[in-house]
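Colleague: Quick one: sequence plus predicted model below, questions after.
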Amino acid sequence: MIRPAQASDVPLLYDLMAIIWQDMEFEPYVTLDDKTFKQAMLEHLIDPKQKYTYQNCWVYESRDTGQIQGLILGYPGNLEPAYDRLIEQQFGDHPDLGDFVLTRESRDDEWYIDMLVVAPEARGLGIASSLIKHLDTIHTPGTVLGLNCDLVNPRAKALYHRLGFEVSDKVSFSGHDYHHMQKIVSP
C-alpha cells in the first residue's frame, strides 16, 4: 500500500534515505560523524520547510507486515534552490565541510523525484515501479516528472524508460554523472 509519510515514519525514512546519501557520497554524510549527521537530518525530516521533510514523501508499506519497504520523495523543481540554501545554511558553518554548496539537480518546469529507494531485502518486487506509477495518480495530465539516474546504473535506466521516462540531458553532482530523465503524465 502506498500512503503519504507521517511524522512517526521519520526514523525509518532516515534509514532508507541514508542508502542514497551513501551511494551518492553526499558530502555531509561522508564527512560528518554519524551521530552529528543523523541528528541534523532527523530534525530536517520533521521540518516542513526542508527538502527532505517527510511531507514530501510517499511510502510503500507492506500489506503483510506493515513495514515500510520503500519511499519516493519529490517536489516542484523550482523550489530546489530555496531548499538547497536551507541545507547549505544548516551544514555551511560546520568546520569539516568548508564551503559546502549543493549543485542544482532539478529543472524549474518539472516535479522532481529527488529520492526513490527500496529496502535491499524488498528489491525486485515491483515497489519502485509502484511508487513511480503512484505519481501519475496524484499529478494532473501534462505534468512533467523528472529524475536523475546514475550513468553506471543501466537497470534503473531501463526501468525508468519502461515507465515512460526519456533522457533529456546529463548532469553531474557529488562527483557522479547522471542522466536527467523526464516523462509527461498522461491522462
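Modeller: That came through fine.

Colleague: Least confident secondary structure element in the chain?
Modeller: Evaluated with mean pLDDT, DSSP states H and E, the helix-and-strand set of the chain has its lowest mean pLDDT in helix 27-31, which scores a mean of 86.

Colleague: Show me the helices in the protein, by range?
Modeller: Using DSSP state H, the helices found in the chain span residues 10-23, 27-31, 34-46, 80-92, 127-138, 154-162.

Colleague: rewinding a little: now the least confident helix or strand of the chain: how far from the chain's centre is it?
Modeller: Taking the mean C-alpha point of helix 27-31 and that of its whole chain, the gap between them comes to 17 Å (C-alpha atoms, centre = their mean, to the nearest Å).

Colleague: now do stretch 53-72
Modeller: In terms of C-alpha atoms, centre = their mean, the centre of stretch 53-72 is set 13 Å apart from its chain centre.

Colleague: go on, stretch 124-144?
Modeller: A distance of 14 Å separates the centroid of the chain from that of stretch 124-144, by C-alpha atoms, centre = their mean.

Colleague: From one end of it to the other, what's the distance?
Modeller: Stretch 124-144 has an end-to-end distance of 26 Å (C-alpha to C-alpha, to the nearest Å).

Colleague: what's it in contact with?
Modeller: Residues outside stretch 124-144 that contact it (C-beta atoms under 8 Å, 6 or more residues apart in numbering) are 2, 58, 60, 69-72, 74, 107, 109-111, 113, 116, 118, 145, 159-160, 162-163, 182-187. (Each C-beta comes from the backbone N, C-alpha and C, glycine too.)

Colleague: ok, now with 6 Å
Modeller: With contacts defined as C-beta atoms under 6 Å, 6 or more residues apart in numbering, stretch 124-144 is touched by 2, 60, 69-70, 72, 109-111, 116, 118, 145, 163, 182, 184-185, 187.

Colleague: Name the member of the residues you listed with the most neighbours.
Modeller: Among the contacts of stretch 124-144, the one with the most neighbours (other C-beta atoms under 10 Å) is residue 72, at 25 neighbours.

Colleague: Could you report the separation of the most centrally placed residue in the chain from residue 27?
Modeller: Centroid-nearest residue in the chain, with C-alpha atoms, centre = their mean: residue 115, separated by 1.5 Å. For residue 115, the distance to residue 27 equals 16 Å [C-beta to C-beta, to the nearest Å].
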